[in-house]
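> Got a sequence here, can you model it:
(2 chains)
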Amino acid sequence: MPKNLVIVESPAKARTIEKILGKDFIVKSCNGHIRDLSKKDLSIDIENNFQPIYELLSDKKSVIQDLQKGAKAAEKVWLATDEDREGEAISWHLLEALKLKEEKTERITFHEITKTAILHAIENPRRINRELVNAQQARRVLDRIVGYELSPLLWKKVKPGLSAGRVQSVAVRLIVERENEIKHFQTESAFRITATFFSKEKNEKSLKAELNHRYKEKTEAVKFIKECIGKDFQVLNVETKPSFKSPPPPFTTSSLQQEAGRKLGFPVSKTMVVAQQLYETGKITYMRTDSVNLSSMAISACKKEIESMFGKEYSQVRKYTGKIKGAQEAHEAIRPTYMNAHQIEGTRDQQNLYELIWKRTIASQMSNAKLEKTVIDISSPVKPYLFQAKGEVILFEGFLKVYYESLEEDELQEDGNILPQVFKDDILDYNEIVATQKFSQPPFRYAETSLVRKLEELGIGRPSTYAPIISTIQKRDYVIKDSKKGVVREFDVISLTGRSVEEKIQTENVGAEKNKLFPTDLGIIVTDFLSEHFVGIMDYHFTAGVEKQFDEIAAGELIWTDMIGAFYKDFHPQISKTDIESKKFIGERLLGKDPETGLNVFVKVGKYGPIIQIGDTGSDVKPKFASLLKHQSIHDITLEEALPLFNFPISLGNHDSQEVIVSIGPYGPYVKYQGKFYQIPANLNPLKLTMNEALEIIANKQKGSESSIIKEFDGDKDLSIRKGKWGPYIKYKNENFKIPKGNSPEELSIEDCKQMIESARLNPPKKRTFKKK
DNA sequence: CAGTGAGCGAGCTTCCGCTTGACTT
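Presented below is the predicted three-dimensional model:
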């Protein structure tokens, strides 16, 4: 029996370390936190100086039992959880929950999983850092108080089941405010003047240049263009400057999510799932980290790869240090475990993500790209303005040989082009000079990844929570991921070729956005409510402020219960005050009077979402209600748009002597035909649905269910092989059966299927236990 | 899964940050 038990946070890590330490050590994983405040109630004894009341996590029972057994048998227990605030707390909870004796317990930490680092850690154990643990308790208790006092207030004032918290409420606020900026954005336009010049003598390729001034008015632009007719243009100056580009640092959770989003089109959650798979199969280091640091081993491995692939001049050893404030760097950056594995076996997604990580890691240890930037100034007929041509030439690729960092939409810049050679005082002629009307752009809506980036910038949330935050705010209906079609906009173009000036109107499609986060009516209302009554919590810098205090607690300069006490003293009375003084906060708005009945018409957010209401609440006649359609908002819907919602259900008439009905149900708009329901796609307006469209929806659905059939059998009409959410399965009458792995569904015979059904019946799958939601 | 929303009131919902299961129709 091994004398030593080492406890780490993750099983994959445990396996690796066990190999390193050898037979005297057994290494087990606690799988993260094992104890927490009870979910049922606040579980903080306010009267008793905010003492937290912890309980063991129910889903960790078997883990804890196993650890307890191991600890009993061992002579020494080594707590080797992560070296950050949460990790320290996990060690402390282990100490308490497993009832470990302090004298036979050691706390060790290491930054990289190598033999040297781990042996060094074993030789230098320490005690649990109580101050750091207290900083974690303060974090935990603060989040609980905020979440569990704000949420019930929302249930009462807005709608049951809602939630609020230090992180999620600010995330929603970012999206709501961005939407407001877009709504109030004043578009301005100006005329951008571009020209293509050529040298009469040299007959080289043409030179594109832009005037360093934009004219606000069309008349001014036209006047300028006319001034150019027949003029010569002189090269005033040619300036060439060397320049360089450095590679981006290795991946953190957040930067990986962004790049995988932009380059591979992965949503945040998918990136994490695939990265987890790579981690578990030992291909990459840990995927939840905010560190850009690489181990010395990784750095030398990179160097070796780069030098053998590209040569010495491409290698440049770099040490990256985190710049994010408050980052708790318990892990390395995300990198391949073995730099010499350029590709891996696995699914397409795994290979793509791995390749991205490999390239980014390699690039981070490569030399700068060397560039030459050239600016050519060319005279214009109107002083003091001049035309400028900008070019960029890559002299030495450096890291660009393997990796280009993609840019956010708002960072997109025009690439410098390659310029023909011209000299000072050269005289140029023009091919064309064009004035194009350009419109200023409103800010972009957040996508999942850009929201994560913003949260990280503000120090809000942690690598392990970025993906859950995104899903929580959508699950609560505060935010929806959606796409928006652009609108066509006209713009003026005035062009000069030879001596003729031509004016045209062209069109462009603007404002189209894909997979962006839009606030819902509910999200807007909850944000307004919280911003009005809880300015402090909703402040974008609230988290940064409390993080600073957590650091002080960790440094022993502040007592954690004092910090929480000071916070609670202001926060709790604000909850009570709002509870008493604030009325229902559901965005109710009077639209006008119903022309038929003369009754008041309102919109508001109801128990099941945004609704329109005819008649006053509490009057003798029971009011009538109807749901708003998707894309309608209580904030701007008009009486004329709202009233037709009461027309449902709408009969479209008969088809094959059966009635076709359109209506709105709890799951959205639908067509009902022959007792069956068919969902109406979001791009069709249910109010204006035609019989033909309805029949098409029905036909599509029926085709869809047919196309899920992989194979049918003439011998048995009840039997079919179908494609399902979890892969192919056998359908027999109304029952479904799993196909054991390793069979190709197309080749199964009736007998094969019957046999599988037989064996499935003999070994029924365990009932899935659903977690209470 | 499919046409809810008054009022009454029981009993329910909720936070953030660590981790990985179990394995479906």
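> who in the stretch 201-350 of chain A is up against DNA strand B?
With Cβ under 7 Å from any atom of the strand as the criterion, the stretch 201-350 of chain A meets DNA strand B at residues A:276, A:280, A:286, A:288, A:328. (Glycine included, C-beta is placed from N, CA and C.)
> give me that answer again for 10 Å
Contacts of the stretch 201-350 of chain A with DNA strand B, taken as Cβ under 10 Å from any atom of the strand, map to A:253, A:272-273, A:276, A:279-280, A:286-290, A:328, A:330-331.
> Check the stretch 351-500 of chain A too.
Applying Cβ under 10 Å from any atom of the strand, we find that the stretch 351-500 of chain A lies next to DNA strand B at A:455, A:459-469, A:472-473, A:475-476.
> filter these to the buried ones?
A:455, A:459-463, A:465-469, A:472-473, A:476 (16 or more other Cβ atoms under 10 Å).
> nearest to residue A:533, of these?
Set against residue A:533, the nearest of these by Cβ to Cβ is residue A:476 (18.7 Å).
> Show the contacting residues for the residue in the stretch 351-500 of chain A positioned nearest to DNA strand B.
Nearest to DNA strand B in the stretch 351-500 of chain A, going by Cβ to the nearest atom of the strand, is residue A:462, at a distance of 3.1 Å. Residue A:462 makes contacts with A:288, A:290, as judged by Cβ atoms under 8 Å, 6 or more residues apart in numbering.
> can you give me the helices for the stretch 101-250 of chain A?
Using DSSP state H, counting those that start in this stretch, the helices of the stretch 101-250 of chain A run over A:115-123, A:130-157, A:168-183, A:218-228.
> Any idea which of these gets closest to residue A:21?
Comparing the helices of the stretch 101-250 of chain A by Cβ to Cβ, helix A:115-123 comes nearest, at 6.8 Å.
> The closest one - contacts with which helices or strands?
Judged by 3 or more Cβ pairs under 8 Å, 6 or more residues apart in numbering; DSSP states H and E, helix A:115-123 is in contact with helix A:11-21.
> one more time with 6 Å, if that's ok
Counting contacts by 3 or more Cβ pairs under 6 Å, 6 or more residues apart in numbering; DSSP states H and E, helix A:115-123 packs against no other helix or strand.
> Looking at residue A:557 now. What's its pLDDT?
Predicted confidence (pLDDT) for residue A:557: 97.
> Contacts only, for residue A:23.
Listed by Cβ atoms under 6 Å, 6 or more residues apart in numbering, the contact set of residue A:23 is empty.
> quick one: it from DNA strand B, how far?
Applying Cβ to the nearest atom of the strand, to the nearest Å, the value for residue A:23 to DNA strand B is 23 Å.
> do residue A:9 as well
To DNA strand B, residue A:9 is 5 Å away according to Cβ to the nearest atom of the strand.
> What of residue A:230?
Counting by Cβ to the nearest atom of the strand - residue A:230 and DNA strand B are separated by 66 Å.
> pLDDT wise, what is that residue at?
Looking at residue A:230, its pLDDT stands at 88.
> Check residue A:594 too.
Taking residue A:594 on its own, its pLDDT is 90.
> Equivalent analysis for residue A:712, please.
Residue A:712 is assigned a predicted lDDT (pLDDT) of 71.
> In contact with it: list those residues for me.
Here residue A:712 is in contact with residue A:720 (Cβ under 6 Å, 6+ apart).
> hang on, the earlier thing: among the residues of the stretch 201-350 of chain A next to DNA strand B, which ones are in helices?
Among these, the members falling in helices (DSSP state H) are A:253, A:272, A:273, A:276, A:279, A:280.
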